[in-house]
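Engineer: with the input below, show me the fold.
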Amino acid sequence: MKSILSRSIVGGLIGLTLFSCAGNGENVPLSLTIHGDKTEMMVGEIATLDAAIEPLVASQEVTWSISDSLLASISVEANVATITGLSEGSLVVWATSSEVETVTNSYTITINAIPEPDY
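Structural biologist: Numbering: from 1, shown residues only. Sure, this is the predicted structure:
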């Protein structure tokens with residue numbers, strides 16, 4: 001992380017300002033969006049999520065996590081997370097920039113039980 005100390009003199013007063021940035025400023029992740037193919041699924045079904053970081057010239061590498069491993073499993077390849085529903089409930093999936101951990105977002109998926117067959 002670069003730090004820049006700026007000193008200014010205005011009307012006899014000295015002001016110091018410290019600017020911190022990672023990289024050159026243009027390549028720093030600023031926001032993260034998660035796109036998914038569904039927000040509701042049945043136990044046993046699969047949902048696919050991908051993450052995009054702005055600006056596009058920033059590192060697109062993310063870390064994925066889920067709120068409850070009893071509700072779903074997660075597998076990750078590149079920036080794509082595959083979620084498999086294991087039991088009924090509300091699952092929160094998080095994606096976080098690997099470069100700037102404060103750049104994060106979440107996506108909620110409702111997992112429904114498989115309906116009982118009508119005989």
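Engineer: so what's the residue sitting nearest the centre point of the chain closest to, chain neighbours aside?
Structural biologist: When C-alpha atoms, centre = their mean is applied to the chain, the residue found nearest the centroid is A95 (2.3 Å). Distance criterion C-beta to C-beta, 6 or more residues apart in numbering; nearest residue to A95, sequence neighbours excluded, is A51 at 4.2 Å. (Each C-beta comes from the backbone N, C-alpha and C, glycine too.)
Engineer: ok, now S31?
Structural biologist: Closest to S31 by C-beta to C-beta, 6+ apart is E54, at 4.6 Å.
Engineer: show me what contacts the residue nearest to A95?
Structural biologist: 32-35, 60, 62, 64, 79, 81, 95, 105 (C-beta atoms under 8 Å, 6 or more residues apart in numbering).
Engineer: format the CA atom coordinates belonging to stretch 30-39 as CSV.
Structural biologist: Taking Å, rounded to 0.1, in the frame of the first residue of the first chain, the C-alpha atoms of stretch 30-39 are listed here in CSV:
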residue,chain,number,x,y,z
LEU,A,30,-14.2,-0.6,-5.7
SER,A,31,-17.4,-2.7,-5.9
LEU,A,32,-18.4,-6.3,-6.3
THR,A,33,-21.6,-7.7,-8.0
ILE,A,34,-22.9,-11.2,-7.7
HIS,A,35,-24.9,-12.7,-10.6
GLY,A,36,-26.9,-15.9,-10.1
ASP,A,37,-29.1,-18.1,-12.1
LYS,A,38,-31.7,-18.5,-9.3
THR,A,39,-32.7,-17.2,-5.9
